[in-house]
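Undergrad: Give me coordinates for this.
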Amino acid sequence: MSSFNRILLCYDGTREGQHALKDGAVLAQDLNAQVHLLSVLNNTAWMQGADITSAVPVDFINESAKNLLDEGLKKLAARGIHATGHLAIGEPLEQIPFFAKDLNVDLVVVGHRRSHGLARWWGGRHDGLLLDRVTCSVLVTMGAEADAPSAAAG
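TA: Predicted coordinates for the structure are as follows:
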């Protein structure tokens with residue numbers, strides 16, 4: 001019996017999110033795990049300084065977030081994985097731990113962007129690390145080797 005029975009895949013549509021979705025899907029299939037897909041639309045930028053009169057309509061934002069979640073669910077379904085979708089609007093460092101606890105998952109799968117440090121999913125300026133906010137394991141996917149910076153000096 002696997003220790004990872006419930007897996008939360010975090011998907012934001014980026015290349016890193018695509019890698020996390022793919023790698024998490026493979027793992028979930030291998031372990032025959034229950035899969036939850038979380039798409040978080042980060043509203044931090046437009047909530048902190050956006051002028052209400054110039055802000056993007058809320059309906060458009062909600063529709064974009066729903067489309068992102070549907071995209072991820074379709075990709076999983078194409079791999080033969082039935083996943084339960086969850087949509088959140090807010091700060092990923094708050095939403096991911098909330099859903100991980102609420103869904104009682106054993107593993108959270110997130111993507112990592114090398115060129116931007118650890119800021120994408122697991123660290124924020126003032127928010128601490130994702131690792132400090134969850135009580136389950138975290139798998140950080142790095143993507144294809146081709147995405148890594150070249151080690152050769154020119």
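
Undergrad: If you drop the residues flanking it in sequence, what lies closest to Leu9?
TA: Gly24 (4.1 Å; C-beta to C-beta, 6 or more residues apart in numbering). (Glycine included, C-beta is placed from N, CA and C.)

Undergrad: got a pLDDT number for that neighbour?
TA: You'll see Gly24 listed with a pLDDT of 97.

Undergrad: now for the helix or strand where it lies, which elements pack on it?
TA: Per DSSP states H and E, Gly24 falls inside helix 15-31. Counting contacts by 3 or more C-beta pairs under 8 Å, 6 or more residues apart in numbering; DSSP states H and E, helix 15-31 packs against strand 6-10, strand 34-41, helix 58-78, strand 107-111, strand 137-141.

Undergrad: list the buried ones in it?
TA: Of the residues in helix 15-31, 16-25, 27-28, 31 count as buried by neighbour count, 16 or more other C-beta atoms under 10 Å.

Undergrad: about what we covered before: how near is the residue nearest to Leu9 to Val40?
TA: Distance, Gly24 to Val40, by C-beta to C-beta, to the nearest Å: 15 Å.
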